[in-house]
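predicted model and sequence below, questions to follow.
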Amino acid sequence: MSDVWVDVGSTGDLNDDEPLSVVAGRHRIGVYLHRGDYYAVDNVCPHAFAILTDGFYDDGTIECPLHQASFDVATGDRLGGPAPSGLACFAVRREGDRLLVRLPEGAE
Ligand code: FES
């Protein structure tokens, strides 16, 4: 088995202010556009169950809607708040106007 690239949507489905929420395999993933690049990170807050794309997003910082933990969209690093860890990151590839996210082996 090897990693699998999954089509998660069109570049027109998101913009700098509005991320895209997708379910791919066993993962809930948030796809973000930040300064011309696309990023994909876990969409469930590691503190408690909250969908991060329902929260606030501004200039590369994701803020959880429940208790305001914040994360770096490019690295997944926790920037502040009560979350015990950062977010897993997924590779993103663009093919024309389609966005593909790489799922780890066995996660599809
Ligand atoms: S659920 Fe995200 S900070 Fe508490």
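Everything's here; your move. Residues are numbered from 1 along each chain as shown.

and this protein, which of its residues are near the ligand?
Residues of the chain found near the ligand, taking CB under 6 Å from any ligand atom as the criterion, are 45, 47-48, 50, 64, 66-67, 69, 81-83. Where you see a C-beta, it was placed from the backbone N, CA and C, and this is true even at glycine.

try it again with 8 Å
Within the chain, the positions near the ligand by CB under 8 Å from any ligand atom are 45-50, 52, 55, 64-69, 81-83.

which of these count as buried?
45-47, 50, 52, 55, 64, 66, 69, 83 (16 or more other CB atoms under 10 Å).

which one among these gets closest to residue 6?
For these, the closest approach to residue 6 (CB to CB) belongs to residue 52, at 18.9 Å.

need the per-residue pLDDT for the closest one.
Residue 52 is assigned 98 on the pLDDT scale.

low-confidence stretches in the chain?
Where the chain drops to pLDDT under 70, the residues are 1, 106-108.

the strands in it, which residues?
4-10, 20-24, 27-34, 37-42, 56-58, 61-63, 70-72, 78-80, 89-90, 92-95, 98-103 (DSSP state E).

how about JSON lines for those strands, with mean neighbour count added?
What follows is the strands of the chain, written out as JSON lines (neighbours: other CB atoms under 10 Å):
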{"stretch": "strand 4-10", "mean neighbour count": "16"}
{"stretch": "strand 20-24", "mean neighbour count": "18"}
{"stretch": "strand 27-34", "mean neighbour count": "21"}
{"stretch": "strand 37-42", "mean neighbour count": "21"}
{"stretch": "strand 56-58", "mean neighbour count": "14"}
{"stretch": "strand 61-63", "mean neighbour count": "19"}
{"stretch": "strand 70-72", "mean neighbour count": "22"}
{"stretch": "strand 78-80", "mean neighbour count": "15"}
{"stretch": "strand 89-90", "mean neighbour count": "20"}
{"stretch": "strand 92-95", "mean neighbour count": "13"}
{"stretch": "strand 98-103", "mean neighbour count": "19"}
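
for residue 73, list the residues it contacts.
32, 34, 39, 41, 57, 60-62 (CB atoms under 8 Å, 6 or more residues apart in numbering).

and which of those is nearest the ligand?
residue 62 (10.1 Å; CB to the nearest ligand atom).
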